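*Asks:* Everything below, folded, please.
(chains A and B)
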Amino acid sequence: MTGIEAQVQQPYKYGFVTDIESDVVPPGLSEDVVRLISAKKGEPAWMVDWRLKAYRNWLKMDEPHWPNVQYGPIDYQAISYYAAPKKLPKLDSLDQVDPKLVATFEKLGIPIEEQKRLTGVAVDAVFDSVSVATTFQAELAKYGVIFCPISEAIRKHPELVQKYLGTVVPHNDNFFAALNTAVFTDGSFVYVPKGVRCPMELSTYFRINASSTGQFERTLIIADEGSYVSYLEGCSAPMRDENQLHAAVVELVALGNATIKYSTIQNWYPGDEEGKGGIYNFVTKRGKCAGKNSKISWTQVETGSAITWKYPGCILQGDNSIGEFYSVAVTSRRQQADTGTKMIHLGKNTRSTIVSKGISAGRGQNTYRGLVKIMKGAEDARNYSQCDSMLIGDQCGAHTFPYIDVRNSSAIMEHEASTSKIGEDQIFYLRQRGLSAEDAVSMIVNGFCKEVFKELPMEFAVEATRLLGISLEGSVG
Amino acid sequence: MLEVRGLHVAVNGTEILRGVDLTVKTGEVHAIMGPNGSGKSTLAQVLAGHPAYTVTSGTATYEGKDLLALKPEERAREGLFLAFQYPVEIRGITNSYFLRSAVNAIRKHRGQEELDPLDFLQVLEDKLKEIGWDDTLMNRPVNEGFSGGEKKRNEILQLAVLEPRLALLDETDSGLDIDALKTVAQAVNKLRAPDRSFVIVTHYQRLLNFIKPDVVHVLADGRIVKSGGPELAHELEAKGYDWLRAGAMVS
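*Replies:* Prediction:
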């Protein structure tokens, strides 16, 4: 096939470095480092103990090597586990944020200054290991909605944190979750009280800046009975030759009749054309539909990272609860992704929907791995899974590993899968109508992803479409 | 409008066109007929710039420009349109979005303002009225799940909206029943204009019962072996192609 081989990528747009004075803990991991991080955060004794318990467990665990990805060994002693800008604002006074930080987020399209805030979207901006600003906190407080850095929640709302933290992803859940529990530094905390529909989109933007550091954030979202919240996270990092580790944990709890919609637009630095540098995105995300009629919906658009390893899942405990997973994962250059979901049906009449779209270009390798498990007590459970792969060029790969475990014979399962290749004839058809080759590919890919994009909040659907265009730019010669 | 001289074309190293000469004047309708495998579709594809075909020698001039030097999208924006024999499906993209993108790519090239969805809807309605069709295809994904007839109708609708100067119709009649054929032919007739030329590639004479060509060419073994008026099509219908092929080999 002529024409669809050339691979020239547009440079990563968010690869700049902010020159800012940072407080960095020397590389290495030990009980002392765990205690130091906890002390820097001013945490209570129960947090330190929990972190240490996780750390001791982690020491006995092995890094997982079952994912369909390849990388050299990670030296956990060469990573710095804490980096924070020195000049941090005092609480509730955004004016004191270092102008360099404000400028950084502005450049990323995330205004945190009062007068420039995105209307209708509250933002928590996390820079390396700490949250630097959270907008609209006062406005949200009027509705009883708590939206703050998790370090602040540990101090101000210990009863909520203690009740829910670690209940969805236990401290010893897996190697990276245990590591995160031991060393997590910040992230977002959300609590939506009973019967409240959160009046705006909540959003966290994660930025890695310092070199030789990892980012270990922790997010906890609790939707109390009958409440609704829509939350979105975005992320980016400078271009560096080294691989940086990002091991996050996200826990969602939806109580009776509550709905959580969680969207991710992941754009970590993917590494260069030869596979040098880029973020290792090893993330554990899980939601629990704890109450009856609750619903958790994950939507992810994954275009960045050298390696992605994540399976946002749902534990459908409450009767009639609903879990959804909509995913677009793009691998180009030499990116590798092993991503999918886990739907665990426990309650009666629980339903789950999985729509996964994998796009591979360049020398990218894209794997869908999904588990649907119907437990004994889950009468009349239903699952619908659809996994579509698209290949651009002939040096990339797409792989699908669906796992289905049904222990109740009343379950109804549907699984559909397809693999397609953007063909020269498709591109030629669009070019014959006047579209450039780039626009043709972008149109075909966007059409392919449509079922997922329509799940994104409006403001971000546009961003996702644009991002996809950039990631694949130059995939067609 | 179009001047093709000594065109030789190969695909995967096999020569398919072996010196085609063709002159199409502004406003004329030309029919290109010929047996299967004679190179009719290749000629249409190569004029539109399909990258799978290699021009080994010869020239093609379109409105004074070197057609072969232009990219496919540049040819389209300059007013060359190909109605495909096998239109492709594009998942998740509505026909109206697709067509508006195409219209705007062409308008942009002409230095005209791009149409917003409402303006486009108006243009579309006017065109549908002009060719006497209902809008039943616009909100469906491009060609997805379309019947053979709907696909061909969709090609002609695109032709109507994009208003090309030169329209190439590649076996638009294939796979159509007589009613669908009439519908398509009537629309094409309405789109005939003094400043628009057509090159209609067809295997059968029946399409030409409805669309009257000015000139009929017979393409056999990669060359145009005979040209004439509309009566040539009837002669072919009666006698088949073999007598011409034999002639081609002799000459």
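
*Asks:* got the CA positions of whichever helix in chain A runs longest in PDB?
*Replies:* Longest helix in chain A, counting residues (DSSP state H): helix A:437-453. Only the C-alpha atoms of helix A:437-453 are listed here, as PDB (Å, rounded to 0.1, in the frame of the first residue of the first chain):
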ATOM      1  CA  ALA A 437      -5.300  13.500   3.300                       C
ATOM      2  CA  GLU A 438      -5.000  14.700   6.900                       C
ATOM      3  CA  ASP A 439      -8.600  15.800   7.100                       C
ATOM      4  CA  ALA A 440      -9.700  12.600   5.500                       C
ATOM      5  CA  VAL A 441      -8.000  10.500   8.100                       C
ATOM      6  CA  SER A 442      -9.300  12.800  10.900                       C
ATOM      7  CA  MET A 443     -12.800  12.400   9.600                       C
ATOM      8  CA  ILE A 444     -12.600   8.600   9.400                       C
ATOM      9  CA  VAL A 445     -11.100   8.300  12.900                       C
ATOM     10  CA  ASN A 446     -13.600  10.700  14.400                       C
ATOM     11  CA  GLY A 447     -16.500   8.800  12.900                       C
ATOM     12  CA  PHE A 448     -15.000   5.600  14.300                       C
ATOM     13  CA  CYS A 449     -14.800   7.200  17.800                       C
ATOM     14  CA  LYS A 450     -18.200   8.900  17.700                       C
ATOM     15  CA  GLU A 451     -20.000   6.600  20.100                       C
ATOM     16  CA  VAL A 452     -17.400   7.400  22.800                       C
ATOM     17  CA  PHE A 453     -17.100  11.200  22.100                       C
END
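
*Asks:* Counting by contacts, list what that helix packs against.
*Replies:* Counting contacts by 3 or more C-beta pairs under 8 Å, 6 or more residues apart in numbering or on different chains; DSSP states H and E, helix A:437-453 packs against strand A:295-302, strand A:322-331, strand A:351-360, strand A:382-391, helix A:424-432, helix A:458-472, helix B:95-109. Where you see a C-beta, it was placed from the backbone N, CA and C, and this is true even at glycine.

*Asks:* now the angle between strand A:322-331 and the fourth one, please.
*Replies:* It refers to strand A:382-391. Counting by axes from the mean of the first three to the mean of the last three C-alpha atoms, to 10 degrees, strand A:382-391 lies at 10 degrees to strand A:322-331.

*Asks:* ok, residues contacting the helix or strand immediately after strand A:382-391 in the chain?
*Replies:* As assigned by DSSP states H and E, the chain's next helix or strand after strand A:382-391 is strand A:397-406. Applying C-beta atoms under 8 Å, 6 or more residues apart in numbering or on different chains, the contact partners of strand A:397-406 are A:68, A:340, A:358, A:360, A:364-374, A:385, A:387, A:389-391, A:413, A:415, A:417, A:419.

*Asks:* strands paired with strand A:397-406, and their directions?
*Replies:* strand A:365-374 (parallel) (DSSP bridges).

*Asks:* Now do the partner strand against strand A:351-360, angle only.
*Replies:* Using the same axes, to 10 degrees: strand A:365-374 against strand A:351-360 is 170 degrees.

*Asks:* Can you name the residues bridging to whichever residue of the stretch 151-300 of chain A sits closest to chain B?
*Replies:* Closest approach of the stretch 151-300 of chain A to chain B (C-beta to the nearest C-beta) occurs at A:Thr299, with a separation of 16.0 Å. Under the criterion DSSP bridges, A:Thr299 forms beta bridges with A:Ser263, A:Tyr326.

*Asks:* before we move on, back to that, contacts for the longest helix of chain A, please.
*Replies:* A:3, A:299, A:301, A:326-328, A:355, A:357, A:359, A:386, A:388, A:390, A:392, A:420, A:422, A:426-427, A:430-431, A:435, A:461, A:464-465, A:468-469, A:472-477, B:73, B:90-93, B:98, B:101, B:105, B:141.

*Asks:* got it, and stretch B:44-53?
*Replies:* A:2-3, A:424, A:428, A:431-432, B:2, B:4, B:7, B:9-11, B:16-17, B:42, B:55, B:60, B:67, B:70-72, B:75-76, B:80, B:82, B:168-170, B:199, B:201.

*Asks:* Likewise for stretch A:192-202?
*Replies:* Contacts of stretch A:192-202 (C-beta under 8 Å, 6+ apart): A:120-122, A:124, A:136, A:139-140, A:143-145, A:147, A:188, A:190, A:222-232, A:258, A:457, A:459.

*Asks:* now do stretch B:103-111
*Replies:* Counting by C-beta under 8 Å, 6+ apart, residues outside stretch B:103-111 touching it are A:433-436, A:439, B:73, B:76-78, B:113-115, B:120, B:123, B:161-162.
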